[in-house]
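> Dropping the sequence and predicted coords here.
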Amino acid sequence: SCLADERVDQRTCLICGDRATGLHYGIISCEGCKGFFKRSICNKRVYRCSRDKNCVMSRKQRNRCQYCRLLKCLQMGMNRKAIREDGMPGGRNKSIGPVQISEEEIERIMSGQEFEGEANMSWSNNGDSDHSSPGNGVSESNQPSPVSTPSSSRSVELNGFSALRDQYMGTPVSTHYQYLPHLFSYSAHSALLPPQPRSLDPQSHSLINQLVSAEDLEPLGTPMLIEDGYKVTQAELFALLCRLADELLFRQIAWIKKLPFFCELSIKDYTCLLSSTWQELILLSSLTVYSKQIFGDLADVTSKYSPSDDELHRFSEEGMEVMERLIYLFRKFHQLKVSNEEYACMKAINFLNQDIRGLTNASQLEQLNKRYWYVCQDFTEYKYPHQPNRFPDLMMCLPEIRYIAGKMVNVPLEQLPLLFKAVLHSCKTSVSKE
């Protein structure tokens, strides 16, 4: 906590880039965005955007579109359920880090469905500004919102794998789906904040080294080399995926026992955390430290598997959505080139999720989560001074990972070979074109 107090004056609001004053409703933000979010939720405001719901948020432009400002507050993880507690005497926000919230829930809040039946709903375009600057919503992007993804793009007759590849893999993800439209607009204020040379806090350095030491960074041992000309069957590929998942899960269990805070939590809480996050941990590690093998060797194996016409026709809506999001997330991680230190921090932050049901000591998890949240930001600001948006970019990958991991449970097991073939083929192709 002392580390948080010492560094709060150097932080920027994750919503608009103004100077942050601390953790408000779960994320680092300024007083302006804190007050705006509280007023919007308490007064049950329903805003409208006159453009395409992707307006730039910066200190100077945040009041131009209240819809997009509230949307970004929700997407960045502000916890509306913490408002009442935070507003009472002696209250405190118990949500540290981004809160997991589905796009469906965000849409219900933005459309006012969450507030239906209550008498004091109000409609506004520009009201409730913390400054009186006028203006309509201004957008610098024509990307579609997530809820406007055309379902017609999926209703096509697929005749062989080439049709699936041409229809979905050859199309940029942004034309089908952009889960976090503000993920790239956060840089609007970066030019106003020239990087300042600084050193890494000794406490952060020590904590990061401990996390990295707990990781098994050795190459995966699961055989993923197939001789040329061999045709892989669906059953063989499924068996390989199961074996690979077993090894990755085993590594996560071994990782837990090496964590620097292992003795601070109960076995019951560790079991609860692992059972709730193991899919997310595997996905995160596959996109980072094991990506060369997953998107290299495993992609070569899946290329030797040819799905039947029946498999293609039965490919579900859930599978298609997971495919699109995985491709988007791969491109984001490929762009970021996440370091081992950042990966270790992201993994710990995601694992220490105090919102999971059944925990016996959520407050202790909150403090641990807070510790590594600040350590990760301290490291990224030190290591990448010319990338002021790097930390929020990293953190915003975590809710997406959680969402994808939850969606993958709904994909029928027999569709996993085709799903992995489609994702790995598209990702490997996009990298080879660079």
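Nice, thanks for sending it over.

> my guess is I41 contacts A82, does it?
No: using C-beta atoms under 8 Å, I41 makes no contact with A82, being 10.0 Å away. Every residue, glycine included, has its C-beta placed from N, CA and C.

> L281 touches F351, doesn't it?
Yes: between L281 and F351 there is a contact at 6.6 Å, judged by C-beta under 8 Å.

> Find the nearest non-adjacent residue to R11, please.
Nearest residue to R11 in three dimensions, chain neighbours excluded: A20, at 4.1 Å (C-beta to C-beta, 6 or more residues apart in numbering).

> Could I have the CA atoms of whichever helix or strand Q335 is part of written out in CSV?
Using DSSP states H and E, Q335 sits in helix 317-336. Extracted in CSV, the C-alpha atoms of helix 317-336 (Å, rounded to 0.1, in the frame of the first residue of the first chain):
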residue,chain,number,x,y,z
GLU,A,317,-22.0,-19.7,-33.5
GLU,A,318,-20.1,-20.0,-30.2
GLY,A,319,-17.1,-21.4,-32.1
MET,A,320,-17.2,-18.6,-34.6
GLU,A,321,-17.3,-15.9,-31.9
VAL,A,322,-14.4,-17.6,-30.1
MET,A,323,-12.4,-17.8,-33.3
GLU,A,324,-12.8,-14.1,-34.1
ARG,A,325,-11.9,-13.0,-30.6
LEU,A,326,-8.9,-15.3,-30.4
ILE,A,327,-7.5,-13.9,-33.7
TYR,A,328,-8.0,-10.4,-32.4
LEU,A,329,-6.3,-11.1,-29.1
PHE,A,330,-3.4,-12.9,-30.9
ARG,A,331,-2.8,-9.8,-33.0
LYS,A,332,-2.9,-7.6,-29.9
PHE,A,333,-0.4,-9.7,-28.1
HIS,A,334,1.8,-10.0,-31.2
GLN,A,335,1.8,-6.2,-31.4
LEU,A,336,2.6,-5.7,-27.7
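
> if we can go back for a sec, what residues are up against the residue nearest to R11?
Counting by C-beta atoms under 8 Å, 6 or more residues apart in numbering, A20 touches V8, R11, T12, C13, L14, I28, S29, C30.

> Tell me which of the residues you listed fall in strands.
Members of these lying in strands (criterion: DSSP state E): I28, S29.

> could you dump the contacts of A20 to TSV with neighbour count and distance to T360?
Formatted as TSV, the contacts of A20 follow (neighbours: other C-beta atoms under 10 Å; distance: C-beta to C-beta, whole Å):
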residue	neighbour count	distance to T360
V8	15	30
R11	21	32
T12	25	36
C13	27	34
L14	27	30
I28	24	28
S29	27	30
C30	24	35
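
> still on that earlier bit, for the helix holding Q335, give the mean pLDDT please.
For helix 317-336, mean pLDDT is 92.

> circling back to that earlier point, quick one, which of I41 and A82 is more surrounded?
Just comparing I41 and A82: by other C-beta atoms under 10 Å the higher neighbour count belongs to I41, 23 against 20.

> Which elements pack onto the one helix or strand that one maps to?
Here I41, judged by DSSP H and E, is contained in helix 31-42. Secondary-structure packing of helix 31-42 (3 or more C-beta pairs under 8 Å, 6 or more residues apart in numbering; DSSP states H and E): strand 22-24, helix 66-75, helix 83-87.

> again, only this time at 7 Å
Under the contact criterion of 3 or more C-beta pairs under 7 Å, 6 or more residues apart in numbering; DSSP states H and E, helix 31-42 touches helix 66-75, helix 83-87.

> Show me what whichever helix or strand comes after that helix packs onto, helices and strands only.
Scanning forward in sequence from helix 31-42 by DSSP H and E, the next helix or strand is strand 45-47. With contacts taken as 3+ C-beta pairs under 7 Å, 6+ apart, strand 45-47 sits against helix 66-75, strand 122-124.

> So for G319, which of the ones you listed sits nearest?
G319 lies closest to helix 66-75 among those, at 24.6 Å (C-beta to C-beta).

> Also compute the angle for that closest one relative to helix 31-42, please.
Orientation check (axes from the mean of the first three to the mean of the last three C-alpha atoms, to 10 degrees): helix 66-75 against helix 31-42 gives 90 degrees.

> which stretches of the stretch 251-400 of the chain have low pLDDT?
Applying pLDDT under 70 to the stretch 251-400 of the chain flags no residue at all.

> okay, K231: pLDDT?
K231 is assigned 91 on the pLDDT scale.

> Which strand or helix spans the residue nearest to L336 when sequence neighbours are not counted?
Nearest residue to L336 in three dimensions, chain neighbours excluded: D393, at 6.3 Å (C-beta to C-beta, 6+ apart). Using DSSP H and E, D393 sits in helix 390-408.

> ok now that helix, how far from the chain's centre?
Offset of helix 390-408 from its chain centre (C-alpha atoms, centre = their mean, to the nearest Å): 2 Å.

> Can you name the next helix or strand after it?
Next along the chain from helix 390-408, counting by DSSP H and E, comes helix 416-432.

> Quick check: buried residues in that next one?
Under the neighbour-count criterion of 16 or more other C-beta atoms under 10 Å, helix 416-432 has 416-428, 430 buried.

> Do I have it right that Q279 meets I404?
No: Q279 is beyond contact range of I404, at 8.8 Å (criterion: C-beta atoms under 7 Å).
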